[in-house]
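**Q** how would this look folded up:
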Amino acid sequence: MRSFLTSSLLLAISCGMLNAAGLTWPTPNPAFQQGLPIDTYVQPTVSGRPESGLFGCVRNDGARFHEGIDLKPLKRDSRGEPTDAVYAILPGRIAYVNKVAGRSSYGRYIVIVHDGERPAFHSLYAHLASVASGIDAGARVDAGTVLGVMGRSASYSIPKNRAHVHLELGLRLTDHFQQWYDRQKFGSLNYFGYWNGMNLVGVDPLDFYQLVRLGKVRNFAEYLKQQPAAARIRVYASAVPDFVRIYPDLLSRDYAGQQLVAWDIAFTQYGVPKEWTPRFASESLDGRAGDVRLLAYNKDMLEQQSCRRVVDLRGGGDPQLSKGTIKTLQKLFGFR
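**A** Below you'll find the predicted structure:
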């Protein structure tokens, strides 16, 4: 009989586990674990540049943001369609499954909330050809659980030769997303509740995996904490946003028993509100409810960015919150 240690080692090898916490690579391709170049596992766009399948300002000559990473298949069937399984990267709860491919640019997609982590971040797996049996909202999964088969489903056309799984890691902004969505008058239904992509903000999945593999971070919380702040913004509001209730681990101090008047929020380079400091009436701040102030910003970081800036430095005038940041604050605080 195999020992428990031997069985665990075999499981780790077969599922591509990267650390003791069970972080698993989401596809059968071992290239990342072997330290091979990104072109061996990243699916590029029509440009053919491997970087175009990464996270960040990698599309349209740097003008368009890509929220996740695109991972290519290893195997295909006789029709040229991928047959690679897609795996859950960590244990968690299935929070959402969209099985109607044409409704979303994500196509068929699955969201898992890793509720054993602090904060309880999510992973999202998009463009699936099919969803595995038993993968339904509310189900629990382990790291390495097969979620479905990689594919090219979407509300637009993805050719066979660019089939992939799109992976995102991040946080959701609000549980009241529908109210914001209705005010925008998009003219189309929101089929996805608060798991609509417009309600999600994310980090670079590949960077996270690389730092875990190198032993520089052990988990998502450590990764998020070490991300530099691109800007710090004060919002005068006495209510506690959904985001704070969902992710209390991102608070810098407790607010229980205090009279709230404002929140100081540190944003990452691509707009994740990573740290929240409640401010109290006893601190005698100069501001009124609804005021928003830019407290500080990282000029060098922002100038190096070609898209998705938290603060807009263009035009030669004073720095201004970008349109994207304003929309984020609207969702976080219910501002109109």
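
**Q** burial count for Gly317?
**A** When counting by other C-beta atoms under 10 Å, one arrives at 8 neighbours for Gly317. Every C-beta, even on glycine, is put in place using the N, C-alpha and C of the backbone.

**Q** surely Val272 touches Val201?
**A** Yes. The pair Val272 / Val201 is scored as a contact, 4.8 Å apart, by C-beta atoms under 8 Å.

**Q** okay, and the common contacts of the two?
**A** 170-171 (C-beta atoms under 8 Å, 6 or more residues apart in numbering).

**Q** nearest spatial neighbour of Tyr270, chain-adjacent residues omitted?
**A** Using C-beta to C-beta, 6 or more residues apart in numbering and skipping the chain neighbours, the partner closest in space to Tyr270 is Arg308 (5.2 Å).

**Q** let me redo that: Asp254
**A** Asp254 sits nearest to Pro278 (C-beta to C-beta, 6+ apart), 8.0 Å away.

**Q** could I get the pLDDT score of the one you found?
**A** You'll see Pro278 listed with a pLDDT of 98.

**Q** where does it land in three-state SS?
**A** At Pro278 the chain is in strand, as set by DSSP: H, G, I helix; E, B strand; the rest coil.

**Q** which residue ranges form the helices in this structure?
**A** Assigned by DSSP state H, the chain shows helices spanning 4-15, 177-184, 205-213, 220-226, 242-246, 299-303, 323-333.

**Q** of these, which approaches Phe267 most closely?
**A** Closest to Phe267 of the helices of the chain is helix 323-333 (C-beta to C-beta; 7.2 Å).

**Q** just for this structure, where's the confidence low?
**A** Counting by pLDDT under 70, the chain shows low-confidence ranges at 1-21, 316.

**Q** sorry, back to before: neighbours of the residue nearest to Tyr270, just the number please.
**A** Using other C-beta under 10 Å: Arg308 sits among 18 other residues.

**Q** so who does it touch?
**A** 56-57, 65, 270-271, 324.

**Q** can you pick the most crowded of those residues?
**A** With neighbours set by other C-beta under 10 Å, the maximum within the contacts of Arg308 is found at Tyr270, which has 23 neighbours.

**Q** give me the phi and psi for that residue.
**A** phi -110, psi 20 (degrees, to the nearest 10).

**Q** my read is that it contacts Gly56, right?
**A** Yes. Contact criterion C-beta under 8 Å: Tyr270 and Gly56 qualify, at 7.1 Å.

**Q** now for these two: what residues contact both?
**A** 65, 308.

**Q** hang on, the earlier thing: who's the residue nearest to Asp254 bridged to?
**A** Beta-bridge partners recorded for Pro278 (DSSP bridges): Trp263.

**Q** and it, how far is that from Arg253?
**A** For Pro278, the distance to Arg253 equals 7 Å [C-beta to C-beta, to the nearest Å].

**Q** before we move on, what about Leu313?
**A** As judged by C-beta to C-beta, Leu313 and Arg253 stand 31 Å apart.

**Q** who has more neighbours out of these two?
**A** Using other C-beta under 10 Å as the criterion, Leu313 and Arg253 rank with Leu313 on top: 16 against 10.

**Q** which residues does the more buried one contact?
**A** 299, 302-303, 319.

**Q** out of those, what pair is the most spread apart?
**A** Applying C-beta to C-beta across those, the maximum distance is between Glu303 and Pro319, 10.8 Å.

**Q** compare neighbour counts for these two and give me the winner.
**A** Neighbours were counted for Glu303 and for Pro319 using other C-beta under 10 Å; Pro319 has more, 17 against 11.

**Q** I'd say the more buried one and Asn298 touch.
**A** No. Counting by C-beta under 8 Å, Pro319 stays clear of Asn298, with 10.9 Å between them.

**Q** export the helices of the chain to CSV and append columns for distance to Glu283.
**A** Written out in CSV, the entries for the helices of the chain read as follows (distance: least, C-beta to C-beta, whole Å):
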stretch, distance to Glu283
helix 4-15, 49
helix 177-184, 30
helix 205-213, 35
helix 220-226, 24
helix 242-246, 18
helix 299-303, 27
helix 323-333, 19
